[in-house]
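how would this look folded up:
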Amino acid sequence: MARDCTTTDLGSLLATVLQKKNWQRRLGLHQVFLFWDQVVGAEVAAHAQPDVIKGDVLWLKVSDSIWMQQLQFEKQHILDRLNKRLQRLTTTNQAGDKSGDKEWRLSDLRLSLGKPVQNKSAADLGPPQSAPLPPVAVDEAKLAKFNQLLTNIEDPELRESMRRLWLAVEGRKTP
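Numbering: from 1, shown residues only. Here you go, the predicted structure:
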């Protein structure tokens with residue numbers, strides 16, 4: 001049985017998947033986690049943090065019922081400021097992009113009691129720490145072919161992540 005062994009540019013494949021699954025919009029909405037502290041200020045951020053986004057609703061973890069009531073009063077104002085910031089990101093992202101993605105916009109804020117986990121900036125986290133890869137027996141010819149495909153990816157971190165993912169998947173296959 002003959003198989004079609006054509007190769008596809010990984011970058012274009014990822015772009016197609018992002019577009020078909022509408023992940024670009026979902027990832028865009030999650031930018032809120034990065035700029036939450038800047039938009040609401042240090043005092044509010046100390047008592048409330050984004051927890052999860054379901055659809056286009058942002059759920060917040062709030063430290064206590066007093067802050068929950070205060071945020072309920074300020075909910076629309078916070079939502080407007082978040083959407084204004086998201087709108088700027090949408091415009092920046094789609095400049096020259098004809099993908100037709102909908103605007104990145106949150107429809108509501110929902111509050112739940114719980115200990116808010118403080119967001120840390122990338123600078124606070126330091127360089128990413130990765131565990132050393134265990135030795136994986138893979139076919140050297142397949143590895144060389146996959147490494148050749150990875151040369152089209154400009155971002156070295158993404159290229160290395162894709163390589164590690166491929167090695168993990170190949171290591172789990174049964175002979």
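
Run through the residues that contact the closest residue to residue 159 other than its chain neighbours.
Of all residues not flanking residue 159 in the chain, residue 153 sits nearest, at 4.5 Å (CB to CB, 6 or more residues apart in numbering). Yep, even glycine has a C-beta here, placed from its N, CA and C like the rest. Listed by CB atoms under 8 Å, 6 or more residues apart in numbering, the contact set of residue 153 reads 10, 11, 159, 162.

okay, which residue is most central for this protein?
residue 27 (4.7 Å; CA atoms, centre = their mean).

Could you report the distance from that one to residue 33?
Per CB to CB, to the nearest Å, residue 27 is found 11 Å from residue 33.

What of residue 53?
As defined by CB to CB, residue 53 lies at a distance of 8 Å from residue 33.

Let me know the closest of the contacts of residue 153 to residue 70.
Among those, residue 162 lies closest to residue 70 (CB to CB), at 45.1 Å.

Now for that closest one, how many residues are close by?
Using other CB atoms under 10 Å, residue 162 has 17 other residues around it.

Excluding covalently adjacent residues, which one is nearest to it?
Closest residue to residue 162 apart from its sequence neighbours, by CB to CB, 6+ apart: residue 150 at 6.0 Å.

so what pLDDT did the one you found get?
Reported pLDDT at residue 150 in the predicted model: 85.

Give me the number of neighbouring residues for residue 36.
By other CB under 10 Å, the residues close to residue 36 number 20.

Output the below-cut-off pLDDT ranges for this protein.
For the chain, residues meeting the criterion pLDDT under 70 lie at 1-5, 18-19, 21-23, 90-102, 118-136, 171-175.

ok, which stretches of it are helices?
Per DSSP state H, the chain carries helices over the ranges 10-20, 23-29, 32-40, 42-47, 65-94, 122-125, 140-150, 156-172.

could these go into a markdown table alongside distance to residue 105?
What follows is these, written out as a markdown table (distance: least, CB to CB, whole Å):
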| stretch | distance to residue 105 |
| --- | --- |
| helix 10-20 | 19 |
| helix 23-29 | 8 |
| helix 32-40 | 11 |
| helix 42-47 | 21 |
| helix 65-94 | 5 |
| helix 122-125 | 25 |
| helix 140-150 | 35 |
| helix 156-172 | 28 |
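
Those helices: which one's closest to residue 114?
Of all the helices of the chain, it is helix 65-94 that lies closest to residue 114, at 10.3 Å by CB to CB.

Tell me what angle that closest one forms with helix 32-40.
120 degrees (axes from the mean of the first three to the mean of the last three CA atoms, to 10 degrees).

Let me know how buried residue 38 is, in neighbour terms.
Count around residue 38 with other CB under 10 Å applied: 11.
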